[in-house]
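got a predicted structure here, sequence first:
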Amino acid sequence: MHRKLVIGDIHGGLRALHQIMDRAKVTTDDTLIFLGDYVDGWSQSPEVIDFLIDLSKKQNCIFIRGNHDELLFDWLSSNNENIDESMWYKHGGESTVLAYAKVDSETKKKHMAFLKNLQDYYLDEQNRLFIHAGFTNMNGIEYEYFPKLFYWDRTLWETALALDSAISKGSYLYPKRLKLYNEIYIGHTPVSKIEQTIPIQKACIWNIDTGAAFNGPLTILDIDTKEFWQSEPLNELYFNEKGRN
């Protein structure tokens, strides 16, 4: 059985990643689509990247770029002009910097190559879009003027959340961005902000970020059946750390 499985924001929580792989009984026949934000939060950011690099040698993996992954790449490249250090530290960067103090330069180079080669998005043959955050252009991803919005945008999810379900797809009031793709899978904005801990669908959007950076679980979801598996809440798996709380 060849499944397509999508995974939410990991934020340095390797223990949770092991749990969901186990609970979903992932095999090498499965295609895994990771929505980004592999780092910044819990203490195992370097180990998460090691694990993903290794995993990609065994099976088909698609790695999307998250905003935290770009911040780490810039920091590892000593390109600090885009980094507001106090802001980054406050949002999980501090645990990453501390963790990388123990990583040798050869491994750092491998991690930089991994981060550099992340994809901005993935569009499958069934017109399903996988993207970390969203996009702003009314005509879709190919027309986006500001590619950084692929991993920073929050307006797409906010639009879907605010959409009145009584408005039909044929109405001129229906947001054009929500008509372009059959389904859109995102992370970036945790569903804990709307007091949820499971994947949430609004319009054509599935938000898979179930708050693993904070007090939520990590989630893996079967794209075709919508069955999903979750880890324990990460604040329990890393009970002696604060994560991004």
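Right, received. Where do you want to start?

double-check that residue 185 belongs to a strand.
Yes: counting by DSSP: H, G, I helix; E, B strand; the rest coil, one finds residue 185 located in a strand.

what's in contact with the helix or strand of the chain with the lowest mean pLDDT?
Scoring the helices and strands of the chain by mean pLDDT, DSSP states H and E places helix 85-88 at the bottom, with a mean of 86. Applying C-beta atoms under 8 Å, 6 or more residues apart in numbering, the set of residues contacting helix 85-88 from outside is 40, 71, 75, 93. For glycine as for every other residue, the C-beta is placed from the backbone atoms N, C-alpha and C.

can you show me the strands along the protein?
Listed in chain order, the strands of the chain (DSSP state E) span 4-7, 31-34, 61-63, 121-123, 128-131, 183-186, 200-202, 205-207, 219-222, 228-230.

touching, residue 19 and residue 232? I think so.
Yes: the pair residue 19 / residue 232 is scored as a contact, 6.6 Å apart, by C-beta atoms under 8 Å.

between the two, which has more neighbouring residues?
Using other C-beta atoms under 10 Å, the more surrounded residue of residue 19 and residue 232 is residue 19, with 20 against 12.

need the strands of the chain in TSV (columns: mean neighbour count).
Compiled in TSV, the strands of the chain are given as follows (neighbours: other C-beta atoms under 10 Å):
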stretch	mean neighbour count
strand 4-7	23
strand 31-34	22
strand 61-63	19
strand 121-123	18
strand 128-131	24
strand 183-186	24
strand 200-202	15
strand 205-207	23
strand 219-222	24
strand 228-230	21
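
let me have those in TSV, extended by mean pLDDT.
Converted to TSV, the strands of the chain look like this (pLDDT from 0 to 100):
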stretch	mean pLDDT
strand 4-7	98
strand 31-34	98
strand 61-63	98
strand 121-123	98
strand 128-131	98
strand 183-186	98
strand 200-202	98
strand 205-207	98
strand 219-222	98
strand 228-230	98
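
number of residues surrounding residue 214?
By other C-beta under 10 Å, neighbour count at residue 214 equals 19.

before we move on, what about residue 83?
Residue 83 has 16 neighbouring residues, counting by other C-beta under 10 Å.

cool, and residue 134?
A count of nearby residues for residue 134, using other C-beta under 10 Å, gives 27.

what about residue 139, distance to residue 175?
Using C-beta to C-beta, to the nearest Å, one gets 13 Å for the distance from residue 139 to residue 175.
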